[in-house]
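Colleague: sequence unavailable; structure follows:
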């Protein structure tokens, strides 16, 4: 497969917020049902591998497509960091449904299921990481994807940074952490959480939390709302931490103003994949 084609597939999983029009109104359940029906129809009998996102607390899956599990992220190169508003995955401490949203990936997904203090929830003076679909503020949930590749690359914008001319089909791994934004200067600093550098000759995210539970490992795909009705053909080894960490909302805004990955807004989320034929069995 040509690199240009693979780049196009990667780009489809991260459609910029400004590229998707939406009214902001919440669509009915029937819209989501139709999207799931279209996904089932468009993937039936075509050999698609297991899809993402999924409920990490539900271990059953009937998809039989196999691929080799990617190495530990410490043995791979970090290639990209980005985040989605609300969690794409469901489970653990992020199981509260945000609603159907606009049907195009915004105002949907899953929120932190715990409680915050009034001080933590105090709104900032203005939204951070603003976009056409709204910005972020205290109390919002984000799912951060630390994407890794076995290719010899360096971190950069979009998932295209995970490819190289020498290896067009690298193994991919996404280390996943869900955060809740709080109005607290003593909470975690997102600039530190997204800090990266060389370690043992590999590009690494240096401060991925290690105290947010044992990650759920499963075989899946790239995500993003462009795959609500189409299967993703890209294979990804996922590692999703079940506990939510609190992050200083202002620090997220600071990161959006300038970073290696040219990320300045939260991406939309793909509908949770619930069709057993499209998810893998989780083996603990």
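Modeller: Yes, it's here. As the structure is a computational prediction, the values presented were derived from the model and not from experiment.

Colleague: show the secondary-structure elements that the lengthiest helix in the chain is packed against.
Modeller: Counting residues, the longest helix found in the chain (DSSP state H) is helix 29-43. Packed against helix 29-43, as judged by 3 or more C-beta pairs under 8 Å, 6 or more residues apart in numbering; DSSP states H and E, are no other helices or strands. For glycine as for every other residue, the C-beta is placed from the backbone atoms N, C-alpha and C.

Colleague: list the contacts of it.
Modeller: 100, 103, 227-231, 271, 273-275, 277-278 (C-beta atoms under 8 Å, 6 or more residues apart in numbering).

Colleague: which strands and helices sit next to the lengthiest strand in the chain?
Modeller: Longest strand in the chain, counting residues (DSSP state E): strand 172-182. Applying 3+ C-beta pairs under 8 Å, 6+ apart, we find strand 172-182 packed against strand 141-149, helix 190-193, strand 235-240, strand 245-248, helix 249-256.

Colleague: determine which stretch of these is the most buried.
Modeller: Mean neighbour count (mean count of other C-beta atoms under 10 Å) peaks for strand 141-149 among the helices and strands packed on strand 172-182, with a mean of 26.

Colleague: return the distance of it from the chain's centre.
Modeller: Strand 141-149 has its C-alpha centroid displaced from the chain centroid by 5 Å (C-alpha atoms, centre = their mean, to the nearest Å).

Colleague: strand partners of it, parallel vs antiparallel please.
Modeller: Strand partners for strand 141-149, identified by DSSP bridges, are recorded as strand 77-85 (antiparallel), strand 172-182 (antiparallel).

Colleague: which one of these lies nearest to residue 94?
Modeller: Residue 94 lies closest to strand 172-182 among these, at 4.9 Å (C-beta to C-beta).

Colleague: so what angle separates the directions of the closest one and helix 249-256?
Modeller: Using axes from the mean of the first three to the mean of the last three C-alpha atoms, to 10 degrees, the inter-axis angle of strand 172-182 relative to helix 249-256 is 140 degrees.

Colleague: could you give the angle of strand 172-182 to strand 235-240?
Modeller: Relative orientation of strand 172-182 versus strand 235-240 (the same axes, to 10 degrees): 40 degrees.

Colleague: what mean pLDDT does strand 172-182 get?
Modeller: For strand 172-182, mean pLDDT is 98.

Colleague: residue 144 - nearest residue in space that isn't next to it in sequence?
Modeller: Once flanking residues are discounted, residue 144 sits nearest to residue 83: 4.4 Å by C-beta to C-beta, 6 or more residues apart in numbering.

Colleague: one more: residue 103?
Modeller: With sequence-adjacent residues excluded and distances taken as C-beta to C-beta, 6+ apart, residue 103 is closest to residue 27, at 3.9 Å.

Colleague: quick check, that neighbour in contact with residue 105.
Modeller: No. At 11.3 Å, residue 27 and residue 105 do not qualify as touching, with contact defined as C-beta atoms under 8 Å.
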